[in-house]
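Need coordinates for the below:
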Amino acid sequence: MTLSRDVAPAPVAADPGHGFTVVPARHPWRWVATAVVAVLVAMAINALVTNPAWDWPTVGQFLFAPSILRSVALTLQLTVLGIVVGFALGTVLAVMRMSANPLLRAVSWTYTWIFRSVPLILQLLFWYNLALLYRTIGFGIPFGPTFVEFGTMDLVSPVTAAVLGLALHQAAYAAEVVRAGFLAVDPGQLEAAAALGIPRLRQFLRIQLPQAMRTIVPTAGNELIGLVKGTSVVYIMALSELFYQVQVIYTRNGRVIPLLLVAAIWYLALTTVMSIAQFYVERHYARGTQRTLPPTPLQRLRAGLRRGAE
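Numbers count the residues shown, from 1 in each chain. The predicted structure follows:
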């Protein structure tokens, strides 16, 4: 009996005279879309440059004015305090929501329900007018004697009222962001870590938190950027943040459009810096899921220049 086996045929050299012609795929509609977008961008730039109503000299005059810079500093202060206090309280609320205690879950759910349902501007006005409800604020034993009392107007200044309104409003959204991040972690990993005898704190810091941050960071970054723009609502409290200060200036000189452009440029600058920081934080926490980290904008630019040089 003869045994046979399949043998792959030897490669045949291609005949240059009868070889196939490789035709690259053509994308005519891609070029059409590129041309249309390029024309629209050119029209937009032309409208910004040639229309004298934009009044760019006035924009340059007030862009770095001392009053504008002070208002930008106050905007950043409100943003930092609001996001830090908001996410600290939001983390506590998220832990309460995931607790086995029904009272803690109910309190967390109620807080989130109320502060997400009431508009931010109403919350700011409530804290600003807190003295109408309580003339004094005391500290002591609950339902017992009061040791120290302060006047509400002295304790809750306009800046304090703004921070309270922004932080407590932000905490309701931060609680859901943090809770979603923790729920995204596979519980089987924590069970395996517990079976290996890894302490609970180490489980949280080395296993649960890094994976939860991959879900938390993108949404938290959006919340931070939204809070930067949300600080403009505190103009109703006559705080000299960026939008309020711009309104004060154009009310005096009548240059509405240039001053609005000044505010827009500063908001764009602040959110751009925060978007770049968010990219690098996301890239840091992507190390456990990707073999090759996504390239940074500078690395992409260098690669594009190398391809262009070739």
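
only C-alpha atoms for contact and neighbour calcs from this point on.
Will do.

Just the residues contacting stretch 246-256, thanks.
Contact partners of stretch 246-256, identified using C-alpha atoms under 8 Å, 6 or more residues apart in numbering, comprise Ile68, Leu259, Leu260, Val262, Ala263.

so which pair among those residues is furthest apart in space?
Within the contacts of stretch 246-256, two members stand farthest from each other by C-alpha to C-alpha: Ile68 and Leu260, at 11.8 Å.

Among these two, which residue is more densely surrounded?
Set Ile68 next to Leu260 and count neighbours by other C-alpha atoms under 10 Å: Ile68 wins out with 23 against 16.

chain center to the longest helix anywhere in the chain: distance?
What stands out as the longest helix in the chain, according to DSSP state H, is helix 66-97. Taking the mean of its C-alpha atoms, helix 66-97 sits 12 Å from the chain's own mean (C-alpha atoms, centre = their mean, to the nearest Å).

Please pull up the helix or strand immediately following it.
Later in the chain than helix 66-97, the nearest helix or strand by DSSP states H and E is helix 102-117.

still on that earlier bit, closest one of the contacts of stretch 246-256 to Ile198?
Nearest to Ile198 among those, with distances taken as C-alpha to C-alpha, is Ala263, at 51.6 Å.

looking at it, the closest one is touching Leu242, isn't it?
Yes. Using C-alpha atoms under 8 Å, Ala263 is in contact with Leu242, at 6.6 Å.

more neighbours, these two?
Leu242 (28 against 22).

Tell me who's in contact with the nearest residue to that one once chain neighbours are set aside.
Nearest residue to Leu242 in three dimensions, chain neighbours excluded: Ser71, at 4.6 Å (C-alpha to C-alpha, 6 or more residues apart in numbering). The contact partners of Ser71, by C-alpha under 8 Å, 6+ apart, come to Ser240, Glu241, Leu242, Gln245.

Quick check: mean pLDDT of the helix or strand hosting the last one?
Taking DSSP H and E as the criterion, Gln245 maps to helix 242-253. For helix 242-253, mean pLDDT rounds to 92.

Count the neighbours of Leu59 for me.
Heads up, residue 59 is Val, not Leu. So Val59, with other C-alpha under 10 Å, has 19 neighbours.

Actually, Trp109.
Other residues close to Trp109 by other C-alpha under 10 Å number 18.

Now that it has come up, it's in contact with Arg97, right?
Yes. Assessed by C-alpha under 8 Å, Trp109 is found in contact with Arg97 at 6.7 Å.
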